[in-house]
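Undergrad: Here's my sequence, what's the structure:
(2 chains)
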Amino acid sequence: MSLSFASPWFLIGLLSVAVPIYLHLYHRKTPIRKEFPSLRLIRLSVEFVARRRRMKNLLLLFLRLLLVIFLIMALARPFIGQSASAGASSSTPAAFVVLLDNSMSMGASHQGISLFNTARSRALEILDQMQSGDKATVGLLNDPGQLLFPQLTWDRDALKKSLANARLSMAGTSIYSSLLPALKLLVPLQTYRRAIYVVTDMTETSWKPLIEKYKLSEVDKGIDLIMVPVGGAAPENMAVTGLEIAAPVVMSGRKVPLRVKIANYANRVRNARLVISINGERKIEKEFELAPDSEKQSEIELNFSKVGMNSLSASVQADSLAFDNERFLAVRVFEPCRLLAIKPESAPGQIENREDLFLKFALNPLNRSKENNFTVESRSAAEAANLDPQRYAAVFVINQRSLPPELIKRLSSYLLEGGNLLWFLGDKVDPDWYNRHLIDDRGGEYLLPARIFKRVGNAVSKSVAYQMTDLDFGHPAFALFSRDGNGDPGRASVFEFFQVRPNPAALLLSRMSHGLPGIVEEKRGQGRSMLVTFNADTSWSDWPLKPTWLPFLHQALISMVTARDLNPGSVRPGMPVAATLNRTQAKKITMRLPDQKEVSVSTSENGSGLLHFTSRETDQPGYYQLLADDKLITAFAVNPPPEESRLDRINLREIPRFIPLKTEVGKGHGVREKVSVLRDGYDLGRMALWLLILVMLAECWFANRKSSNRVEA
Amino acid sequence: MDKTRKISKFLDPKLLASLSAMEIKARTVVEGMVEGLHKSPFKGFNVEFAEYRQYVPGDPLKDIDWKVYARTDKFYIKEHEEETNLSGYMAIDASASMSYRGAGSMNKLEYASTLAASISYLMLKQQDSVGLITFADGLRKIIRPRTGMAHLKAICNELEATSASDKTNIGESLDLVGQSMKKRGIFILFSDLMDNADTVIAKLRHLRSRRHEIVLFHVLDRDEIAFPFDDTTMFQDLEDRSEIVTDAFSLRNEYLKRFRQLVGTFRSALRKSGIDYLVADTSMPFETSLRSFFTRRQAASVR
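TA: Predicted coordinates for the structure are as follows:
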């Protein structure tokens, strides 16, 4: 609360309160002398009346003091207000920021009117209070928050226009990221009356993080933080808050479990009708009963028939907030993976080379030809040179002395376009040849993630056994082993391996027990190249005999196969999406939005023949397709943040420093009046005048009760 | 009438002329030596019939009602009430408080003296005997009751000689009065009763128990009744000269309430004891006070 006066010099008149006090204490009337027959009755009466009379005199004194005070107040015209600016002179210019909440939750309707439209009207009304000399800016609270004008401006029309053009976002709320730059703008303006108005629906999910992480009480006391709540109580809302496939890879014709989360943010039991659609075609409809204020997860088995990118959606019936009733997922469906193992050529007359044996066993343990996720074809390098690697999900290169140039060229192209290479090194490997032909001669199209040096250890004597340490559990190939009970690849013994030096962009997935790299991976173009510094059979290690060998291979392959997709389902509205493409694919790259509108995507080229692009055109929730020359490369889904569906309102008292400015349509003062009152304070001058009249009447009545009290004996 | 004008300043001929038809009668039987207006406990020759009783030997034959004998053939004696004269005492409070004079032409003592002189005149005129007692802190003067208009002079002289001074001590004075009243008679007290109310009531009751008939004139000034003061006033007590400064206006309600309570206490307590209580407002004409007195007496005699 602060107090200011329009005419403060009148306050000097408050000294005149001394007059009634002096009169009360020191002024006594000279009594008239009167003889009376007996004072007996008078004495008794005086004792009784004296206390009442003292009270009356004090009350009269109080009333007269009030008379003086109210007279002075009426002349001095005090202004009182909650805000810091109410204490400043009304002629001081104002600097303020209006932050409009345009997050998805503002898409709900209240009394048939969209909250966002109501909030925008309120924000425009606040801007209407801008006077000459005032400066302001406006911002939006959708994640990530932003100021529409990075600096304060005097141009009210431009500010109003920018607010009028603001659109509802499907993103979450980030008050902090808008509030902070707003504060930075206002803090230096000490001579202004400063305020930040936040026009929002006051959802708990958006305010709690701000309160918990940011000390609002430490905000400059000279800046008024004012919240303008819109929308009243939280409406009942139902939302699809989660949609994911509970399998690492989706193969065509194979059933996969689909997990759907449906939330009921209402205080009553509600029925939800869930519809699962694939590529716009309804596949499954299911009824659910949802308990009050609960979230239910359901697992449904689903079968994809189309290979490639599929659009998957889960929806429930529409309600007050329609934007969260449907959730999307981009699913890449694979054919059962064909893998190519390039093994050392068998010498004539000798038994067939079996270094691929443990790979085959691990990837197809039952040796099935049908309904198997992985099918391994073993070929010699010469045979492989005539094959198209694009037909294979991954290519294993096992203990090769050298590779034909044609094969190197095919593998290089394959890798950059999204292929996956796994290198196993053995006794036949010539490091010099590898370094020269697979790295140095290839320039930007090199194939190996590390340069190879000498061999370490002795697989014949097996005198020293090395273990794998420092496993990168963040990598999908090893993530499985981070949980207890899933085994430990470090228990395998490696007797001999190649010392390597990883490329600068390569990831080190494991080390050997004395610190040298064990497994290295590098992303190359759209593909990945992984190098294992020892062989794939038991000649140099006993890992193929250990139970962790099979899951490692499966996980490594799945992560490689699925790595090409752009975070399916995890993109939030407004977030940028980035991808890297082979230049040969990218004559014309476009993005097809959920409303089927196509927008061109700008790209940047790096020296290695790759194109990078970033797009922010992700405002709409739905299924996005990335096209190169009208050919679908990949797809992704954009979904609103699930926390935005929870519309519970925060208790305004929990928010420190913020002054609520409540308005209701058709009731009481509008935003303009309230902002004016908040900024300038309440004018107490008129009230003081009325009180002066009232006290005057009271004093007159009280002091002149004589006539009404006269008793005619 | 001419004689009265010469006797005293307290006897107004016009007033007495207007009251000449009035008689002061005792409400109860009184003892007297001279035949008068008042009932005596002794029965004898008179015109007032009392009762019949059967003749018993020894009764004078002249008292036999022969007309009854002629009708009933029995001897009956017709008895008549004997009438006697009234012996009255005028008791005047001459304390300092009786000297108070408000807006009226005379103070309370003068007013009381006028009333006493007038009543004395009327009693003496009807052959009753009248005495005078003046008191304040104690008895000052007693004039024994006597008959005859010549006695009026002595009473009036004493009234004129009396001045208001000293404190009031009604209780002690009434004790002394009781001892000096030998015969049953009427006792008329003029006082502003500036003494403890309970004491005054107790003493008057005691006097009444000795079969004296008692009339109390509560002599009050208009200022005491209405308390018409508005300003801050320093009141000084006429008896003890003590002072008190107060806002008279704010005090009035409480004073009047207490005053009414006091008068009410006297009226109800004395009426229960058969004592006449009359408020004599000095701002009212004497005639009004006297008429209320006579009206009360006549009503009493009818009863």
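Undergrad: Tell me the bridge partners for the closest residue to residue A:247 other than its chain neighbours.
TA: Among residues not flanking residue A:247 along the chain, residue A:256 sits closest, at 4.4 Å (Cβ to Cβ, 6 or more residues apart in numbering or on different chains). Just so you know, the C-beta spots here come from the backbone N, C-alpha and C atoms, and that holds for glycine as well. Beta-bridge pairing for residue A:256 (DSSP bridges): residue A:302.
Undergrad: Residue A:256 and residue A:246 touch, don't they?
TA: Yes: counting by Cβ atoms under 8 Å, residue A:256 does reach residue A:246; the two are 7.3 Å apart.
Undergrad: which one of those two has more residues nearby?
TA: Higher neighbour count among residue A:256 and residue A:246: residue A:256, with 18 against 9, using other Cβ atoms under 10 Å in any protein chain shown.
Undergrad: give the contact list for that one.
TA: A:245-247, A:250, A:301-304 (Cβ atoms under 8 Å, 6 or more residues apart in numbering or on different chains).
Undergrad: Can you tell me which of those residues has the most neighbours?
TA: Ranking the contacts of residue A:256 using other Cβ under 10 Å puts residue A:304 first, with 23 neighbours.
Undergrad: Could you check which helix or strand contains the nearest residue to it once chain neighbours are set aside?
TA: Ranked by Cβ to Cβ, 6+ apart and with sequence neighbours excluded, the top spatial neighbour of residue A:304 is residue A:333, at 4.4 Å. Per DSSP states H and E: residue A:333 is located in strand A:326-334.
Undergrad: Can you give the domain ranges for the chain?
TA: No chain specified, so I'll use chain A. A:2-77+A:685-709, A:85-234+A:647-683, A:337-562 (automatic domain parsing).
Undergrad: think we crossed wires, I meant chain B
TA: Domain segmentation of chain B under automatic domain parsing yields B:2-28+B:85-302, B:38-84.
Undergrad: how about a markdown table for the ones you listed, with mean pLDDT and mean neighbour count added?
TA: Listed next are the domains of chain B as a markdown table, based on pLDDT from 0 to 100; neighbours: other Cβ atoms under 10 Å in any protein chain shown:
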| stretch | mean pLDDT | mean neighbour count |
| --- | --- | --- |
| domain B:2-28+B:85-302 | 85 | 19 |
| domain B:38-84 | 71 | 13 |
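Undergrad: of all those domains, which lies closest to chain A?
TA: domain B:2-28+B:85-302 (3.9 Å; Cβ to the nearest Cβ).
Undergrad: Pull the distance from the closest one to the chain's centre.
TA: 7 Å (Cα atoms, centre = their mean, to the nearest Å).
Undergrad: Repeat that for stretch A:285-300.
TA: 25 Å.
Undergrad: Any buried residues in it, and which?
TA: Residues of stretch A:285-300 classed as buried under the neighbour-count rule (16 or more other Cβ atoms under 10 Å in any protein chain shown) are A:288, A:290, A:295-296.
Undergrad: out of those, what pair is the most spread apart?
TA: A:288 and A:295 (11.3 Å; Cβ to Cβ).
Undergrad: one step back: from the buried residues of stretch A:285-300, which land in strands?
TA: Members of those lying in strands (criterion: DSSP state E): A:288, A:290, A:295-296.
Undergrad: Including pLDDT and distance to residue B:77, could the residues you listed go into CSV?
TA: CSV is the format used below for those (pLDDT from 0 to 100; distance: Cβ to Cβ, whole Å):
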residue, pLDDT, distance to residue B:77
A:288, 86, 130
A:290, 89, 126
A:295, 90, 129
A:296, 90, 130
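Undergrad: Looking at those, which is nearest residue B:54?
TA: Using Cβ to Cβ, those come closest to residue B:54 at residue A:290, 123.5 Å.
Undergrad: wait, doesn't the closest one sit right on residue A:239?
TA: No: counting by Cβ under 8 Å, residue A:290 sits too far from residue A:239 to count as a contact (10.7 Å).
Undergrad: what touches both of these two?
TA: A:262-263.
Undergrad: one step back: tell me the contacts of the residue nearest to residue A:304?
TA: Residue A:333 makes contacts with A:250-252, A:304, A:306-310, as judged by Cβ under 8 Å, 6+ apart.
Undergrad: Of all pairs in those, which one is the farthest apart?
TA: Longest span within the contacts of residue A:333, Cβ to Cβ: A:251 and A:309, 14.4 Å.
Undergrad: before we move on, the earlier item: which neighbours do residue A:288 and residue A:295 have in common?
TA: residue A:262.
Undergrad: In JSON lines: the domains of chain A, plus distance to residue A:278, mean pLDDT and mean neighbour count.
TA: As requested, the domains of chain A are exported to JSON lines (distance: least, Cβ to Cβ, whole Å; pLDDT from 0 to 100; neighbours: other Cβ atoms under 10 Å in any protein chain shown):
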{"stretch": "domain A:2-77+A:685-709", "distance to residue A:278": "63", "mean pLDDT": "82", "mean neighbour count": "15"}
{"stretch": "domain A:85-234+A:647-683", "distance to residue A:278": "23", "mean pLDDT": "82", "mean neighbour count": "19"}
{"stretch": "domain A:337-562", "distance to residue A:278": "18", "mean pLDDT": "89", "mean neighbour count": "18"}
